[in-house]
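>>> Here is the input, now give the coordinates:
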Amino acid sequence: MYNGSMTPKQLKFIDEYLVDFNATQAYIRAGYKGKGAYASASKLLRNPEIKAELERRMAESRITPEQIIARLDAMAEGKIPTKIIEMPSRTYGKPVVKKEYDTRGALQDIGKVYALFVDKQIVENIDLEIVDDEESDPADPPASS
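Prediction:
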């Protein structure tokens, strides 16, 4: 259980990270400055307290494979954005929200789940009997060199 030593921004980062597992975007959405977001977000993910809290929450949520497929399906259909970017508006001062949809990426992920695009051949474990083809009698002594 969370012990209360994290900052509100760190907690917000955890919340945002669990939305799409994009650390850089979670870092920005949590209210941190965008400069150096990739490196800083990576550093946050290595923080032992944040890491423990993420693991605890993910274990609590226990997302099922069926839920993963359903989310990928929704992304492929353009119902769920794969990236949400807030940009400051020069005109009105309110942030402009830009949503990006990566339907191709979601379809590729679904294809990987169902092994539709296989880079390597899948070999199933089968029972093999190994037979020595040499015609030698086991009673014969080995040839000396």
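
>>> Not counting residues beside it along the chain, what's closest to I68?
Excluding its sequence neighbours, the residue lying closest to I68 (C-beta to C-beta, 6 or more residues apart in numbering) is V113, at 7.8 Å. Quick note: C-beta positions are derived from backbone N, CA and C, even for glycine.

>>> Let me know how buried that neighbour is, in neighbour terms.
Counted by other C-beta atoms under 10 Å, the residues lying close to V113 total 12.

>>> The spatially most central residue of the chain and K83: what is the separation?
Nearest to the geometric centre of the chain sits F21, at 6.6 Å (C-alpha atoms, centre = their mean). As judged by C-beta to C-beta, to the nearest Å, F21 and K83 stand 12 Å apart.

>>> Going by residue numbers, what spans are helices in the protein?
With helices called from DSSP state H, the chain shows them at 8-20, 23-29, 37-46, 48-61, 65-76, 103-113.

>>> what's the most buried one of those helices?
Comparing those by mean neighbour count (mean count of other C-beta atoms under 10 Å), helix 23-29 ranks first with a mean of 21.

>>> Quick one: list the elements packing against that one.
Applying 3 or more C-beta pairs under 8 Å, 6 or more residues apart in numbering; DSSP states H and E, we find helix 23-29 packed against helix 8-20, helix 37-46, strand 83-88.

>>> V131 is nearest to which of the helices of the chain?
Closest approach to V131 among these is made by helix 103-113 (38.1 Å; C-beta to C-beta).

>>> And the contacts of the closest one?
I68, I69, L72, D73, M75, A76, E77, G78, T82, F117 (C-beta atoms under 8 Å, 6 or more residues apart in numbering).

>>> If we use 6 Å, what do you get?
Outside helix 103-113, the residues that touch it by C-beta atoms under 6 Å, 6 or more residues apart in numbering are L72, M75, A76, G78, F117.

>>> distance of the first one from A26?
Think L72. From L72 to A26 the distance is 19 Å (C-beta to C-beta).

>>> domain assignment for the protein?
1-62, 63-118 (automatic domain parsing).

>>> Is it possible to get JSON lines of the ones you listed that adds distance to V131 and mean pLDDT?
Below are the domains of the chain laid out as JSON lines (distance: least, C-beta to C-beta, whole Å; pLDDT from 0 to 100):
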{"stretch": "domain 1-62", "distance to V131": "48", "mean pLDDT": "87"}
{"stretch": "domain 63-118", "distance to V131": "31", "mean pLDDT": "77"}
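
>>> Brilliant, that's me finished.
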